[in-house]
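Asks: whatever this is, show me its structure:
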Amino acid sequence: KDELDQVANELGVTIQPDSAEDLNLFTLSVKFPALEFGNEQVKSLRPYFEHFSKMAITSSQIDEEALYYLAQMPNLKKLLLQKTRVDGSGLVFFQKHKNLEILNLSYTLVDDKAALDLLKIPNLKEVYLFKTKTSKEVLTALRQYKPELKILAEEGPYN
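Replies: So this is what the prediction gives:
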């Protein structure tokens, strides 16, 4: 925990125990504005990847490169990416991810093709697609094809 406190200070983020998890897992939240948090900062967390269950990196500078690294966090259950540079082409990195359940992509450049990749994330339960480039037709098709996946056209949680 002391080591993670030091990492949090260096990166200008908040790292706290995840109260929703009984294991030794943590949540990371960027502070607003998150202008200093990008792909390199995600990469720098590599030694601690297995300790994170939730990443709230809203309004940060991350893009698809960060998705590659985030997909390597084995215990990640909740990923909040709204208002980032993500276009969704990196969602394919989550195809083998066993734990991701909640994904917020509101206010990103996610389009129809990327939205279809959401179907390949095995245990995804909830996804937020408010103000993305995803068409109503694809949202309808996703809901019909995978009714157990909650596809929400609302802004969604920030933390």
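
Asks: what residues sit buried inside stretch 148-159?
Replies: I151, G156 (16 or more other C-beta atoms under 10 Å). Bear in mind the C-beta positions are built from the backbone N, C-alpha and C, glycine included.

Asks: so which residues make contact with it?
Replies: Contact with stretch 148-159 is made by 27, 29, 56, 58, 80, 82, 102, 104, 106-107, 118-119, 124-131, 139, 142-143, as judged by C-beta atoms under 8 Å, 6 or more residues apart in numbering.

Asks: mind listing the helices for this protein?
Replies: Here the chain has its helices, by DSSP state H, at 2-11, 39-44, 64-70, 112-117, 136-145.

Asks: what comes up buried for the last one?
Replies: Put plainly, it is helix 136-145. V138, L139, L142.

Asks: if I look at the closest residue to T132 other than its chain neighbours, how far off is F130?
Replies: Nearest residue to T132, sequence neighbours excluded (C-beta to C-beta, 6 or more residues apart in numbering): V110, at 4.3 Å. Distance of V110 to F130, computed by C-beta to C-beta, to the nearest Å: 10 Å.

Asks: looking at these two, which one has more neighbours?
Replies: V110 (25 against 16; other C-beta atoms under 10 Å).

Asks: list the contacts for that one?
Replies: V110 makes contacts with V86, D87, G88, L91, L129, T132, K133, T134, as judged by C-beta under 8 Å, 6+ apart.

Asks: good, we can wrap up now.
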